[in-house]
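**Student:** the following comprises the amino acid sequence and a computationally predicted model.
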Amino acid sequence: MCDECKNHFEGLKKELHILNIPFLVDPGIVRGLDYYTKTVFEIISENIGSKSTVCGGGRYDNLIKECGGPDIPSVGFGLGLERLILTLESNGIVIPEPKGPELFIASIGDMAKTEVSKLIMELRRAGISCERDLVSRSLKAQMKYANKIKAQFAIVLGEDEIKSNKGKLKNMETGEEVEIELSNLKNEIRNKVKGDL
């Protein structure tokens, strides 16, 4: 081992000790690709059966340059999603349920679909998570879908609502509905998500 590599390796071990990260030096480890330089690693779990490597990778100082890019040293890794899930489960870590969108906008008719597309874009740009129907479901099926994805609020827009600039905003948990002006939908959602409804 060259002096530079030895110094690098000793420095890496020192950092792992300082961070209290347990490790085992395995001079026989093989990662299967020849572009690695200096360090290769595997993260192993003792609780997921015979295929215990959860993550593996290493350092490659020359790869980006060899591929025509700048001379930048890098580190990369590969992670097995199934093995990660098994590791989380074996450690009693529960993956939280994904949070639903703040708003689901159901549409009736072609005119409404066009307006809903514009409205969705405007709301998303304002940082409001919202979804809509993309497969031409019936209104009943759209509302069922809004429930399935755990939308906090829903509003149904048809030609009448678009023309009058009014719609009924429904709290999907309580079922309560309030009439709002569509031009104020962004502010209504912001207020309601904070718990004002």
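**Tutor:** Yes, it's here. Numbers count the residues shown, from 1 in each chain.

**Student:** which elements pack onto whatever helix or strand Met121 lives in?
**Tutor:** Following DSSP states H and E, one finds Met121 within helix 110-125. On a contact count with 3 or more Cβ pairs under 8 Å, 6 or more residues apart in numbering; DSSP states H and E, helix 110-125 meets strand 103-107, strand 130-132, strand 153-157, helix 159-164, helix 185-191. All C-beta spots, glycine's among them, are computed from the backbone N, C-alpha and C.

**Student:** want to try JSON lines for the ones you listed, with distance to Leu119 as columns?
**Tutor:** What follows is these, written out as JSON lines (distance: least, Cβ to Cβ, whole Å):
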{"stretch": "strand 103-107", "distance to Leu119": "6"}
{"stretch": "strand 130-132", "distance to Leu119": "8"}
{"stretch": "strand 153-157", "distance to Leu119": "8"}
{"stretch": "helix 159-164", "distance to Leu119": "10"}
{"stretch": "helix 185-191", "distance to Leu119": "7"}
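
**Student:** if we can go back for a sec, hmm, who's touching the helix holding Met121?
**Tutor:** 103, 105, 107, 130-132, 157-159, 161-162, 182, 185-186, 189 (Cβ atoms under 8 Å, 6 or more residues apart in numbering).

**Student:** what's the closest of the helices and strands packed on helix 110-125 to Tyr36?
**Tutor:** strand 130-132 (42.9 Å; Cβ to Cβ).

**Student:** partner strands of the closest one, parallel or antiparallel?
**Tutor:** strand 103-107 (parallel) (DSSP bridges).

**Student:** what residues sit buried inside the strand it pairs with?
**Tutor:** Leu103, Phe104, Ile105, Ala106, Ser107 (16 or more other Cβ atoms under 10 Å).

**Student:** mind listing what the fourth one touches?
**Tutor:** Just to be clear, that refers to Ala106. Applying Cβ under 8 Å, 6+ apart, the residues contacting Ala106 are Arg132, Asp133, Leu139, Gln142, Met143, Ala146, Ala154, Ile155, Val156, Leu157.
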